[in-house]
Structure formats: C-alpha cells, structure tokens
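# Here is a sequence with its predicted model. Questions after.
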Amino acid sequence: MAVKVASEAMPIQANHVYVIPRNADLLIENYTFKVISPRSGGHKQIDVFFVSLAEAIGVRAIGIVLSGYDGDGTVGCKYIKANGGTTFTQDLSAEVDFMPLSAQDSGFVDFVMPLDQIPDKLKSLAAALKS
C-alpha cells in the first residue's frame with residue numbers, strides 16, 4: 001500500500017496508509033484530512049484522530065493501538081466503540097506496551113492479538129462489510 005504523510009484537504013483513499021504530520025493533530029472532515037498545527041498539546045495525537053474518525057466514519061471506523069507510551073489511543077477507542085466501530089490492540093508482543101495495555105484496561109477493545117495477525121482479521125472484517 002502507498003504510504004503518505006496526510007496533508008490539509010487530502011482526500012482519503014482506499015488501500016493507502018496515512019501518517020500524521022510532525023507536530024500536528026489530524027482530523028477527518030467530509031472524507032478529507034484536516035491538519036491542525038501546532039498540535040493541541042501533549043502526546044495524544046492518536047486520541048484526537050480516533051475521536052475524529054469515530055465521528056466521521058461511525059460503524060466503519062477501525063482503530064488499532066500499537067506500541068507506545070502514555071496511554072494515547074485509550075480515549076479514542078472509547079469513542080470508536082460508542083459510535084459502533086471496532087478496535088484492536090497489539091498483544092504483549094508490543095515493544096512498548098503502555099498504549100495497548102491502557103486501551104485494553106479500558107474495556108473498549110474488541111481484539112487483542114499479535115501484530116502479524118491483525119491484517120488477516122482486518123481483511124475478514126472488510127469482507128463481511130461488503131456482503
């Protein structure tokens with residue numbers, strides 16, 4: 001898949017991976033990205049993005065929390081679940097497990113699995129949406 005740094009008003013395309021720009025918050029509005037720079041503070045870019053994703057996409061939102069510090073993503077998982085979406089975390093294979101464990105402890109995570117098993121589960125969820 002193509003990997004791109006998200007930019008202002010960039011349309012979201014299928015089969016692309018987008019990276020949050022440095023020192024910015026990333027939101028979704030009308031299936032395009034909105035970049036807010038400088039970031040709103042702290043290290044909660046994933047929460048900011050997941051909340052926006054949940055509000056924009058609803059039941060089709062999928063959040064995946066991987067290795068990292070400070071519990072970022074936990075609040076966002078709550079919003080995704082409240083809007084009918086699906087959440088994942090990496091299992092204890094995460095190099096830094098603070099983010100995945102925090103999300104798991106919240107009770108708002110659907111799947112906990114090794115990183116190498118997440119793509120197949122995503123494919124099966126996508127296939128179920130098409131049928």
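Nice, I can see it. Residues are numbered from 1 along each chain as shown.

# okay, CA-based contacts and neighbour counts for the rest of this
OK.

# ok, Val35 touching Asn23?
No - no contact is recorded between Val35 and Asn23 when judged using Cα atoms under 8 Å, the distance being 10.0 Å.

# neighbour-wise, which of those two wins?
Per other Cα atoms under 10 Å, whichever of Val35 and Asn23 has more neighbours is Val35, with 19 against 14.

# Regarding that one, which helix or strand does it belong to?
Secondary structure assignment for Val35, by DSSP states H and E: strand 32-36.

# what about the strands in this structure?
2-5, 16-19, 25-29, 32-36, 62-65, 86-90, 111-113 (DSSP state E).

# Mind putting those into JSON lines with mean pLDDT?
Output for those, formatted as JSON lines (pLDDT from 0 to 100):
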{"stretch": "strand 2-5", "mean pLDDT": "95"}
{"stretch": "strand 16-19", "mean pLDDT": "93"}
{"stretch": "strand 25-29", "mean pLDDT": "96"}
{"stretch": "strand 32-36", "mean pLDDT": "97"}
{"stretch": "strand 62-65", "mean pLDDT": "96"}
{"stretch": "strand 86-90", "mean pLDDT": "98"}
{"stretch": "strand 111-113", "mean pLDDT": "98"}
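
# For Gly76, which of those strands is the nearest?
Nearest of the strands of the chain to Gly76, taken as Cα to Cα: strand 62-65 at 8.0 Å.

# which other residues reach that closest one?
50, 73, 76-77, 80, 85-90, 99-100, 103 (Cα atoms under 8 Å, 6 or more residues apart in numbering).

# Most neighbours out of these, which is it?
For the contacts of strand 62-65, neighbours tallied by other Cα under 10 Å; top is Cys77, 32 neighbours.

# what residue lies at the spatial centre of the protein?
For the chain, Gly63 is the residue whose C-alpha lies nearest the centre (Cα atoms, centre = their mean; 3.4 Å).

# Report the residue ranges of every domain in this structure.
Domains of the chain are assigned by automatic domain parsing as 1-41, 57-131.

# Just give me how far the longest one sits from the chain centre.
Yep, that's domain 57-131 we're talking about. Relative to its chain's centre, domain 57-131 lies at 7 Å (Cα atoms, centre = their mean, to the nearest Å).
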